[in-house]
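K.L.:
When you get a sec, could you give me coordinates for this:
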Amino acid sequence: MSLSAGDVPAMYTILVNSLSADEAARRPAEAALAQCEARPGFCSCLLEIISARGLACREDVRLLATVYFKNSISRYWRRRRDSYGISNEEKDHLRKTLLVNIREEHSQIALQLAVLISKIARLDYPKEWPDLFSVLAQQLQSADVLASHRVFMVLFRTLKELSTKRLAVDQRNYAEITSHLFEYTWNLWKSDVQTILQNLSMLSQRSDIDSILEQSNDLILICNRWLLCLKIIRQLIFSGYASDSTTGQEIWQVREVCPTVLTAIQSLLPYYSSYKDKQAKLWDFTKRACTKLMKVLVTLHGRHPYSFIHQTVLPATVDFCLNMITNPEQGSTSFEEFLIQSMVFVKSVLECKEYKPSPTGRVINETSQPLSLEQRKKNFASVASDMLKIVLPGDRVMLLCNILIRRYFIYTAKDLKEWSENPESFHHEQNLVQWTEKQRPCAEALFIVIFEKYRELLAPVVVSILREAMALSPPLETDLTAGMLLKDAAYTAAGHVYYELSNYLSFNEWFHGSLSIEISNGHPNMRIIRRKIALLLGQWISEIKGDTRKLVYHALVGLLQDPDIAVRLAACSSLCYLFQESSFSELDLFECLPTCWTMCFKLTEDAQEFDSKVQVLNFISVLLEHVGDKVIPFASQLSQFFQKIWDESAGESLLQIQLLAALRTFVSSLGYQSPLSYHMLIPILQSGINVDSPDALNLLEDSVLLWEATLSNAPSIVSQLLDLFPYIVGIVNRSFDHLEVTINIIEDYTIFGGLEFLKRHGASLGNILDTIVGNVNDKGLLTTLPVIDLLVQIFPQEAPPLISSALQKLIFICLSQDDEHNPSRTTVCASAGAIVARLLVMNTNFTGQLLSEPALLASIQQTGISVNNNLLLTLVDMWIDKVDDANVVQQKEYAMALSVILTLHVPQVIDRLDGILSVCTTVIIGGREVTEDDTSGDITSSSWLNTDNSVYSNTESKELRKRQVKESDPVKQASLEDMLRDNLKACAALHGDVTFNAAMSRIHPAAFAQLQQALNIV
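P.N.:
Below is the predicted model:
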């Protein structure tokens, strides 16, 4: 039943109750809203409540109504199968009413209304809502500042939403919107900036600013409207035109807007310091405005780099940003967020691939033909390169490099205080923070870019600063001086550009003459240098040669014992790099190993931050990867450590995931000694692979991989491991996301668990395979079928009854029609047919029982497959017809099954003798050719028996055992030739010589000759 205007009071009451702190009132109200939201008229009732202003309507209720309205748009605006949605008549009413009620005084409700309109516009504009922008444009003519502010809020949200539509028609619509809106918005923005500057100038002379602003809120509204206009202008230029880097067409709006934006920045910046301690709102506005204006320049340059190539745009903006970065007198008017954006802009210009000049130079057009796109791009790049050479001469580049290192790389008093208060947090903030968020990382990113571009010019500059800093701050210094801070900054620079400085600086001399001495200087103030050296050694890894490498290992291991945890974490990070480097020495690692383990355990105990613990676990994993079985003496210590971390990390899934990865490496390193860790490992595994545990969603994938690694490295499948198998049932029932690993686990249990495994878990195994075969796609089947084949091979008598349901499904699959356009389906059918063939060969009696199941026959017939009441003969026909789809091994299984058919008391078989013998003959002769061509794959040959007494790793030994089991397959070992010869004799005896000879006489002479050749009959 539809809701109407008469239901508005009741709806209002329900919304009020849904905000109640009393659960008895809130729960029924929430349930009533859930029932009402799908009813026609629900959104109209909500809009009536939203539109009702005044004392009679609570603001929080109106705000809640906007939230329900927004959710209803997402769910019901479009018609769906399970919902009638909102009628076209109601939609039309809602669209018109929303536009009438834009002038909303409550800021949060106004924002929600803007979001509502934008979401509807994304779905309805332009087809169902063609007049949206014309109505908004009419409302902009109002002199009411609040009304125009709200309209621009709606415009910005709507334009942002529409910009996400990427179809060509949507982009054409967006370009049309841009052509209509840009001029008015731009002119209003320019007018507003003059108004704002005049007011800021006037108010800066007054002492009663707060009282003036309290009397009239118009200035703040104009400021906010101006910022909205700025966002709209950026959005229109960014999304209203294709990037000029792809079209080669200049965007005139860029050249119109950017110089004016730059002028606005220059005009507003002085007010940052004027209002800093005078008026918080205006100070915050100038700060936000300057930062956003700079971001607009960065954004537009990234989108339209060629349009920036004009004397009033690119060089002027770069020059301004460089002045802000390098001039000390700008410090009073600039601030960190603005300087960051200035650095980002310079960096983006220097990195811009569109500005890299072509080796062939500028293209001169000597004909009347227009230049091609590539020629225009070359000309743009040439002009940009010339502009940058003028604005960035060599002396200015060197000045910028000096300023970045000497001013922006230096730790401030605030930095050092933060380090003292929380060294661990300080370390991670320095290493993990996004480079565009903090001034120092941003300066470092800019330094790397300018050095890359001007490396020959700047390498001597960096070396000069480095030597100056080392002279100012000797290695044994203990006072925290400006020289020490400069040395830290110089080391930072040297670490970033090691690849070029190695041509100017000998690392061996540097290490022995300074770095090693500074590492041994344990004074608390020297922690700044010790941490930087720890990081620097990891960066210079490729330049560390000869005997110095061993000294560096020991130096870093020594820093793992530093009193300052920030230094220890830095050393931990660099040791990871060193041990993963290609020229790493395992012998040197083994010498350091006991200390490394001890320090890792200590570091984990001292660490409080999640990132620290993850870092240590990663380092332990790296160590484990390289030490191999040298970890065995430390197995007990590591087991205790892992258990402690697991217990302490309860509820911290991300940390436990890292721990599971480390455990996987630990188990692999222990190899056949892995049972030493079972007391710790098995309970953790049980927790991780239990799908009912609270953290199963996060831990299951890594836990299953750990389970696989545990089985792969187990010397035998002990009872503890056998007890884990039932967990696979829950994993498979939950999803097939881990199917491949699950099948590997089942394979390990099958090969190494023996009959004990089958006796204990045969029923679970049958359920698992039945679930998989009945529900996975072809890719999943191709993953699963080999393990079913393996079960029949190893346990031909015991396994088939346990997995009979899965086998019945395989019979259905192999008899179903394959798809010539789907190779994987053909492969699945061939593989399923081969398993059924193997079953017939290795357990003929059970196969007969299986095929005689009435339910199986009925289900196959229901699908339309013709079986003529005899499934066995249908299989015979399938094996004969589809033998060419099978691989070599499967063809032999087909042929052996057909050979066994000859011995069964089935009268109709004699009528298929020609086809059966044709398949067998082809396989025998083809098998001889394969054997002659390639005997290298025989795993029973001497090369696989390790007669030279060479030592295999645990994994290799395990894989060898798997391959030996698979290669000992009776089907592979059996002689089809002998089998066919014996079975032909049995067939003649079974059917009588007269019938048999008559059938043989019908064989084509050429086929008969091939049969004689196959059976070596002269």
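
K.L.:
what bits of the stretch 501-650 of the chain have low per-residue confidence?
P.N.:
Where the stretch 501-650 of the chain drops to pLDDT under 70, the residues are 582-583.

K.L.:
Could you look up the SS state of the nearest residue to residue 76 once chain neighbours are set aside?
P.N.:
Excluding the flanking residues, the one nearest residue 76 by C-beta to C-beta, 6 or more residues apart in numbering is residue 85, at 4.9 Å. Every C-beta, even on glycine, is put in place using the N, C-alpha and C of the backbone. Following DSSP: H, G, I helix; E, B strand; the rest coil, the label given to residue 85 is coil.

K.L.:
Quick check: the gap between residue 85 and residue 40.
P.N.:
Distance of residue 85 to residue 40, given as C-beta to C-beta, to the nearest Å: 9 Å.

K.L.:
got the residue ranges for the helices in the stretch 251-400 of the chain?
P.N.:
For the stretch 251-400 of the chain, the helices defined by DSSP state H, counting those that start in this stretch cover 252-274, 280-303, 314-326, 336-351, 373-391, 394-403.

K.L.:
Mean neighbour count added to the ones you listed, as JSON lines?
P.N.:
Below are those laid out as JSON lines (neighbours: other C-beta atoms under 10 Å):
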{"stretch": "helix 252-274", "mean neighbour count": "19"}
{"stretch": "helix 280-303", "mean neighbour count": "20"}
{"stretch": "helix 314-326", "mean neighbour count": "20"}
{"stretch": "helix 336-351", "mean neighbour count": "21"}
{"stretch": "helix 373-391", "mean neighbour count": "17"}
{"stretch": "helix 394-403", "mean neighbour count": "16"}
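
K.L.:
between the ones you listed, which gets nearest to residue 94?
P.N.:
Closest to residue 94 of the helices of the stretch 251-400 of the chain, according to C-beta to C-beta: helix 280-303, at 33.1 Å.

K.L.:
just the angle between that closest one and helix 314-326, please?
P.N.:
For helix 280-303 against helix 314-326, the angle by axes from the mean of the first three to the mean of the last three C-alpha atoms, to 10 degrees is 130 degrees.

K.L.:
helices or strands next to helix 280-303 in the packing?
P.N.:
Judged by 3 or more C-beta pairs under 8 Å, 6 or more residues apart in numbering; DSSP states H and E, the packing partners of helix 280-303 are helix 168-204, helix 209-215, helix 218-239, helix 252-274, helix 336-351.

K.L.:
Recalculate using a threshold of 7 Å.
P.N.:
Helix 280-303 makes packing contacts with helix 218-239, helix 252-274, helix 336-351 when contacts are defined by 3 or more C-beta pairs under 7 Å, 6 or more residues apart in numbering; DSSP states H and E.

K.L.:
Export only the CA atoms of the second one, formatted as CSV.
P.N.:
Right, the one you point to is helix 252-274. Listed next in CSV are the C-alpha coordinates belonging to helix 252-274 (Å, rounded to 0.1, in the frame of the first residue of the first chain):
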residue,chain,number,x,y,z
TRP,A,252,42.4,27.9,-23.3
GLN,A,253,40.8,27.8,-19.9
VAL,A,254,44.1,26.7,-18.4
ARG,A,255,45.9,29.8,-19.6
GLU,A,256,42.9,31.9,-18.5
VAL,A,257,42.7,30.4,-15.0
CYS,A,258,46.2,29.5,-13.9
PRO,A,259,47.8,33.0,-13.9
THR,A,260,44.8,34.4,-12.0
VAL,A,261,45.0,31.6,-9.5
LEU,A,262,48.7,32.3,-9.0
THR,A,263,47.9,36.0,-8.5
ALA,A,264,45.3,35.1,-5.9
ILE,A,265,47.8,32.9,-4.0
GLN,A,266,50.3,35.8,-4.0
SER,A,267,47.6,38.2,-2.7
LEU,A,268,46.2,35.8,0.0
LEU,A,269,49.5,34.6,1.4
PRO,A,270,50.4,37.7,3.4
TYR,A,271,47.1,37.4,5.3
TYR,A,272,48.2,34.0,6.7
SER,A,273,50.6,35.7,9.1
SER,A,274,48.3,38.7,9.6
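
K.L.:
thinking again about what came up before, which residues sit in contact with the residue nearest to residue 76?
P.N.:
Contact analysis of residue 85 by C-beta atoms under 7 Å, 6 or more residues apart in numbering lists 76-79.

K.L.:
Quick check: phi and psi on residue 248?
P.N.:
Reported as degrees, to the nearest 10, the phi and psi values for residue 248 are phi 70, psi 10.

K.L.:
cool, and residue 486?
P.N.:
Dihedral pair for residue 486: phi -70, psi -40, per degrees, to the nearest 10.

K.L.:
burial count for residue 133?
P.N.:
Residues lying near residue 133 (other C-beta atoms under 10 Å) number 19.

K.L.:
Please verify my assumption that residue 664 contacts residue 705.
P.N.:
Yes: assessed by C-beta atoms under 7 Å, residue 664 is found in contact with residue 705 at 6.0 Å.

K.L.:
helix or strand right after the helix or strand of the chain with the lowest mean pLDDT?
P.N.:
Lowest by mean pLDDT, DSSP states H and E among the helices and strands of the chain is helix 954-967, with a mean of 71. Downstream of helix 954-967, the next assigned helix or strand under DSSP states H and E is helix 970-973.

K.L.:
Work out the gap between that next one and the centre of the chain.
P.N.:
Chain-centre distance of helix 970-973: 45 Å, with C-alpha atoms, centre = their mean, to the nearest Å.

K.L.:
Could you do stretch 203-215 as well?
P.N.:
Using C-alpha atoms, centre = their mean, the offset of stretch 203-215 from its chain centre is 52 Å.

K.L.:
likewise stretch 467-484?
P.N.:
Chain-centre distance of stretch 467-484: 44 Å, with C-alpha atoms, centre = their mean.

K.L.:
ditto for stretch 1002-1012
P.N.:
62 Å.

K.L.:
list the buried ones in it?
P.N.:
Going by neighbour count (16 or more other C-beta atoms under 10 Å), the buried part of stretch 1002-1012 is 1003, 1008, 1010-1011.

K.L.:
from the residues you listed, which is closest to residue 527?
P.N.:
Once C-beta to C-beta is applied, the member of these that ends up nearest residue 527 is residue 1010, at 85.7 Å.

K.L.:
and that closest one, helix, strand or coil?
P.N.:
Put simply, residue 1010 is helix when judged by three-state DSSP.

K.L.:
wait, what's in contact with it?
P.N.:
921, 925.

K.L.:
got it, and residue 630?
P.N.:
Residue 630 touches 590, 593, counting by C-beta under 7 Å, 6+ apart.

K.L.:
Residue 721 too?
P.N.:
Neighbours of residue 721 in contact, by C-beta under 7 Å, 6+ apart: 711, 714.

K.L.:
going forward can the numbers begin at 198, since that is how I track them
P.N.:
Sure thing, new numbering starts at 198, so read that last one as residue 918.

K.L.:
gap between the one helix or strand it maps to and the chain center?
P.N.:
Here residue 918, judged by DSSP H and E, is contained in helix 916-919. Its chain's C-alpha centre and that of helix 916-919 lie 35 Å apart, by C-alpha atoms, centre = their mean.

K.L.:
any idea of the mean pLDDT for it?
P.N.:
Average pLDDT, helix 916-919: 92.

K.L.:
Figure out how far stretch 322-332 is from the centre of its chain.
P.N.:
So, by C-alpha atoms, centre = their mean, the centroid of stretch 322-332 is 39 Å from its chain's centroid.

K.L.:
Stretch 304-316 now?
P.N.:
Relative to its chain's centre, stretch 304-316 lies at 33 Å (C-alpha atoms, centre = their mean).

K.L.:
cool, stretch 842-856 as well?
P.N.:
On C-alpha atoms, centre = their mean, the centre of stretch 842-856 falls 21 Å from that of its chain.

K.L.:
Quick check: buried residues in that stretch?
P.N.:
In stretch 842-856, counting by 16+ other C-beta under 10 Å, buried: 842-843, 846, 849-850, 852-856.

K.L.:
what's the closest residue in space to residue 790 that isn't next to it in sequence in contact with, if anything?
P.N.:
Nearest residue to residue 790, sequence neighbours excluded (C-beta to C-beta, 6+ apart): residue 824, at 6.4 Å. Residues in contact with residue 824 (C-beta under 7 Å, 6+ apart) are 786, 790, 866.
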